[in-house]
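Engineer: Test case, fold it:
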Amino acid sequence: RFVENVKWSQLCNFISIPTDCPQRNERMGWAGDTHVFCRTANMNSDLRLFYYRVLEAFRDLQNQGKFPEIAPAGGGFGGITYESAPIFITWELYQQYGDRKIVEETYPSLKAFMEYIRSQGMPGLPFVGPLGDWLAVEETDLHLLWNAFYGRDCLLMEKMAGILGDSEGREYYGKLWAEASAYWNSTFIDEHTGRTTDAEGNPVDTQCSYALPLCYGLIPAEKRRMAGEHLARKVRENGYKISTGFFGTGLINEALTVTGHTDLAFRLMQQTEYPSWLYPVTQGATTIWERWNSFTTDKGFGGNNDMNSFNHYSLGSVVSWLYSCVLGIRRDENQPGFGHFFLMPCTQALDYAGGGIETPYGRIESSWSKRAGKISFHFVIPPNTTASVLLPGETMEEDGIWKELPAGEYDFETKGKEKEWCE
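Structural biologist: Residues are numbered from 1 along each chain as shown. As a prediction, this is how the structure comes out:
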């Protein structure tokens, strides 16, 4: 039901432009909503040309390097968490469809934005807001978030410069990335405890403060395990309920999975108490709500009537994790467009799952079911592609069985094990 709700909110809001909601006196192409949902949207549907038009609107409205927070139309507010949308979207489209042209077309405007945001004093503590993890249950320090976004901008620009063969740009953005990541870690991580802080050293310690930098690549390899443990602690302390907003919500389950806490990601996903993804479903929701508390049984509309929507896709961005973890369909960054990809479904907590995505090569399908102590898998690998498949090992000591497969249709059966092998 939840996945259907996400798809209905997407259908309602993807008419000509990606609006934030199809009702009330708004219905605008807010950049923050657009980019956090981009990966999920493209896994749900083939939206290559749709998003190309969105990027064109951003380019048309760019002013002295600054991107608008709303496109088309222009205006709005948000700051770097919204203005970074064209960088994030361009990268997502390249990874999803493997089309170098979109990087070529957008790259000059992205370079102009980077010079604009650097001129504001980044990395550092300038005001590049006003918005942080919008509508979060637990607020995260703004400067921590803004500098994380800036770091991610630098990293993606380094990658895209490399894609285009711009060696000078790659070196330049690589230096900016090194500077930004070093600043973020020295400023917002307590070196003794590994906990997140503000610039003055005061505790921040929220789910988003760990999930965002983990997924943005800011946490060094030697500190990722500790950051993952802190994220897991925050999930447990919150009673396995979500506390993130627009920008942390699509990342938290991925951050848990890649740090070895897939079991907690499933507990978050299956939670039905407020705040959670499934709480609205228990209240009869047929689309995704704007707020975790758009309606609650104890407070009703909670005084949110001046800004409340029951058809707002942003908090549904976690569906990309259902594709990449539960179905196990993961992109290979080195072969964009799914020329090669990974199939590594996580079978914890559920009895069966099935689905697929459309790619430039055709449809990828992945399904599995448990019965009598065994797990049966069915995969479809489209023509002219290859996949690296990870199946559960036969014992708890085995880390899994890798298979390199060409195009075709495959069935496997394993005894399986309840171990977090999908990391």
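
Engineer: how about the helices of the stretch 1-150 of the chain, start to end?
Structural biologist: 2-13, 31-36, 38-44, 48-61, 80-83, 85-97, 100-119, 142-163 (DSSP state H, counting those that start in this stretch).

Engineer: ranges for the strands of this structure?
Structural biologist: 14-15, 17-18, 329-331, 340-343, 352-359, 362-371, 374-391, 401-414 (DSSP state E).

Engineer: closest to residue 253 out of the helices of the stretch 1-150 of the chain?
Structural biologist: With Cβ to Cβ as the measure, helix 38-44 is the member of these nearest residue 253 (11.9 Å). Using the backbone N, CA and C atoms, a C-beta is placed for each residue, glycine as well.

Engineer: follow-up on the earlier one: mean pLDDT, distance to residue 311 and mean neighbour count added to the helices of the stretch 1-150 of the chain, as JSON lines?
Structural biologist: JSON lines is the format used below for the helices of the stretch 1-150 of the chain (pLDDT from 0 to 100; distance: least, Cβ to Cβ, whole Å; neighbours: other Cβ atoms under 10 Å):
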{"stretch": "helix 2-13", "mean pLDDT": "95", "distance to residue 311": "5", "mean neighbour count": "19"}
{"stretch": "helix 31-36", "mean pLDDT": "96", "distance to residue 311": "12", "mean neighbour count": "26"}
{"stretch": "helix 38-44", "mean pLDDT": "97", "distance to residue 311": "15", "mean neighbour count": "24"}
{"stretch": "helix 48-61", "mean pLDDT": "97", "distance to residue 311": "19", "mean neighbour count": "17"}
{"stretch": "helix 80-83", "mean pLDDT": "98", "distance to residue 311": "20", "mean neighbour count": "25"}
{"stretch": "helix 85-97", "mean pLDDT": "98", "distance to residue 311": "21", "mean neighbour count": "23"}
{"stretch": "helix 100-119", "mean pLDDT": "98", "distance to residue 311": "29", "mean neighbour count": "17"}
{"stretch": "helix 142-163", "mean pLDDT": "98", "distance to residue 311": "26", "mean neighbour count": "23"}
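
Engineer: Could you export those helices as CSV, including distance to residue 342?
Structural biologist: What follows is the helices of the stretch 1-150 of the chain, written out as CSV (distance: least, Cβ to Cβ, whole Å):
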stretch, distance to residue 342
helix 2-13, 21
helix 31-36, 23
helix 38-44, 14
helix 48-61, 22
helix 80-83, 30
helix 85-97, 13
helix 100-119, 22
helix 142-163, 19
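
Engineer: Go through those and name the closest to residue 217.
Structural biologist: helix 142-163 (5.6 Å).

Engineer: just the angle between the closest one and helix 100-119, please?
Structural biologist: Interaxial angle of helix 142-163 relative to helix 100-119 (axes from the mean of the first three to the mean of the last three Cα atoms, to 10 degrees): 140 degrees.

Engineer: re the thing from before, relative to residue 73, which of the helices of the stretch 1-150 of the chain is closest?
Structural biologist: helix 48-61 (8.0 Å).

Engineer: what's that closest one packed up against?
Structural biologist: Packed against helix 48-61 by the contact rule (3 or more Cβ pairs under 8 Å, 6 or more residues apart in numbering; DSSP states H and E) you find strand 17-18, helix 38-44, helix 85-97, helix 100-119.

Engineer: Which one of the strands of the chain lies nearest to residue 164?
Structural biologist: strand 329-331 (19.5 Å).

Engineer: Now do that closest one: which elements does it pack against?
Structural biologist: strand 340-343.

Engineer: Which strands and helices lie in contact with the strand it packs on?
Structural biologist: strand 329-331, strand 362-371, strand 374-391.

Engineer: any low-confidence regions in the stretch 201-350 of the chain?
Structural biologist: Low-confidence segments of the stretch 201-350 of the chain (pLDDT under 70): 305-306.

Engineer: And the helices in it?
Structural biologist: Under DSSP H, counting those that start in this stretch, the stretch 201-350 of the chain gives helices at 207-216, 221-237, 246-249, 252-258, 262-270, 279-282, 319-321.

Engineer: For the closest residue in space to residue 391 that isn't next to it in sequence, the count of nearby residues, please.
Structural biologist: What sits nearest to residue 391 in space, not counting adjacent residues and going by Cβ to Cβ, 6 or more residues apart in numbering, is residue 401, at 4.7 Å. As a burial measure, residue 401 scores 14 neighbours (other Cβ atoms under 10 Å).

Engineer: Which of the helices of the stretch 1-150 of the chain sits closest to residue 366?
Structural biologist: helix 38-44 (12.1 Å).

Engineer: Tell me the predicted confidence for the residue sitting furthest away from the middle of the chain.
Structural biologist: Computed with Cα atoms, centre = their mean, the residue of the chain farthest from its C-alpha average is residue 372, at 35.1 Å. Residue 372 carries a pLDDT value of 90.

Engineer: if we can go back for a sec, let me have the helices and strands packed on helix 48-61 in TSV, adding distance to residue 380 as columns.
Structural biologist: Formatted as TSV, the helices and strands packed on helix 48-61 follow (distance: least, Cβ to Cβ, whole Å):
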stretch	distance to residue 380
strand 17-18	29
helix 38-44	16
helix 85-97	18
helix 100-119	27
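
Engineer: Residue 59 is nearest to which of these?
Structural biologist: Nearest to residue 59, of the helices and strands packed on helix 48-61 and by Cβ to Cβ, is helix 100-119 at 4.8 Å.

Engineer: and that closest one, how far out from the chain's middle?
Structural biologist: 21 Å (Cα atoms, centre = their mean, to the nearest Å).

Engineer: ok, back up a step: nearest to residue 333, out of the helices and strands packed on helix 48-61?
Structural biologist: helix 85-97 (6.5 Å).

Engineer: hmm, who's touching that closest one?
Structural biologist: Residues outside helix 85-97 that contact it (Cβ atoms under 8 Å, 6 or more residues apart in numbering): 31-32, 34-35, 38-39, 42-43, 48, 51-52, 54-55, 58-59, 67, 99-100, 102-103, 106-107, 109-110, 113, 152-153, 156-157, 159-160, 163, 331, 333, 336-337, 360.

Engineer: okay, the helices of the stretch 201-350 of the chain in a markdown table with mean neighbour count next?
Structural biologist: Shown next, in a markdown table, are the helices of the stretch 201-350 of the chain (neighbours: other Cβ atoms under 10 Å):
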| stretch | mean neighbour count |
| --- | --- |
| helix 207-216 | 27 |
| helix 221-237 | 17 |
| helix 246-249 | 27 |
| helix 252-258 | 24 |
| helix 262-270 | 20 |
| helix 279-282 | 19 |
| helix 319-321 | 24 |
